[in-house]
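Engineer: with the input below, show me the fold.
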Amino acid sequence: MKYCNKCGKEIMDEAVICPHCGCSQQPNAPQVVDSSSFGWSLLGFCIPIVGLILFLVWKDTTPLKAKSAGMGALVSVIVGVVFYIIYAIIIGVTIGSSL
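Structural biologist: Now for the predicted structure:
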């Protein structure tokens with residue numbers, strides 16, 4: 001194991017980009033700017049399929065942005081499922097009480 005040139009966290013020996021901060025581990029490679037953002041999370045939450053696509057496209061090059069978009073999409077799906085379950089329970093109780 002080796003350590004990231006920028007953040008100092010432990011990474012795999014063959015890692016080209018730090019999964020924690022997104023910094024390139026090549027000595028003369030241009031630095032990739034990667035930062036998590038509430039905007040990407042919000043976009044993933046509002047349009048989950050876009051969040052999923054951005055996560056899949058960015059996961060190797062900009063992992064922090066990918067995580068933001070993916071987490072937004074995941075939270076959106078979980079909230080949708082919870083609301084669906086609550087709705088189904090309410091409808092079931094309503095139908096059951098009318099019989």
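Engineer: please, where are all the strands along the chain?
Structural biologist: 2-3, 10-11 (DSSP state E).
Engineer: wait, which of those strands is closest to residue 17?
Structural biologist: Among the strands of the chain, the nearest to residue 17 by CB to CB is strand 10-11 (8.9 Å). Quick note: C-beta positions are derived from backbone N, CA and C, even for glycine.
Engineer: starting at the chain centroid, how far to that closest one?
Structural biologist: 21 Å (CA atoms, centre = their mean, to the nearest Å).
Engineer: packing partners of it?
Structural biologist: Using 3 or more CB pairs under 8 Å, 6 or more residues apart in numbering; DSSP states H and E, the elements in contact with strand 10-11 are strand 2-3.
Engineer: average pLDDT for the strand it packs on, rounded please.
Structural biologist: What strand 2-3 shows for mean pLDDT is 85.
Engineer: next, the contact list for residue 60, please.
Structural biologist: residue 17 (CB atoms under 8 Å, 6 or more residues apart in numbering).
Engineer: try 10 Å this time
Structural biologist: 16, 17, 19, 66 (CB atoms under 10 Å, 6 or more residues apart in numbering).
Engineer: ranking the residues you listed by neighbours, who comes first?
Structural biologist: Comparing the contacts of residue 60 on neighbour count, residue 66 comes out first with 23 neighbours (neighbours: other CB atoms under 10 Å).
Engineer: what's the spacing between the residue nearest to that residue when sequence neighbours are not counted and residue 73?
Structural biologist: Excluding the flanking residues, the one nearest residue 66 by CB to CB, 6 or more residues apart in numbering is residue 58, at 3.7 Å. The gap separating residue 58 from residue 73 is 12 Å, by CB to CB, to the nearest Å.
Engineer: tell me the spacing between the residue nearest to residue 66 and residue 4.
Structural biologist: 19 Å.
Engineer: avg pLDDT for stretch 25-44?
Structural biologist: 80.
Engineer: please, where are all the helices along this protein?
Structural biologist: Assigned by DSSP state H, the chain shows helices spanning 38-46, 48-58, 63-98.
Engineer: for residue 25, which of those is the nearest?
Structural biologist: It is, among the helices of the chain and with distance given as CB to CB, helix 63-98, at 13.1 Å.
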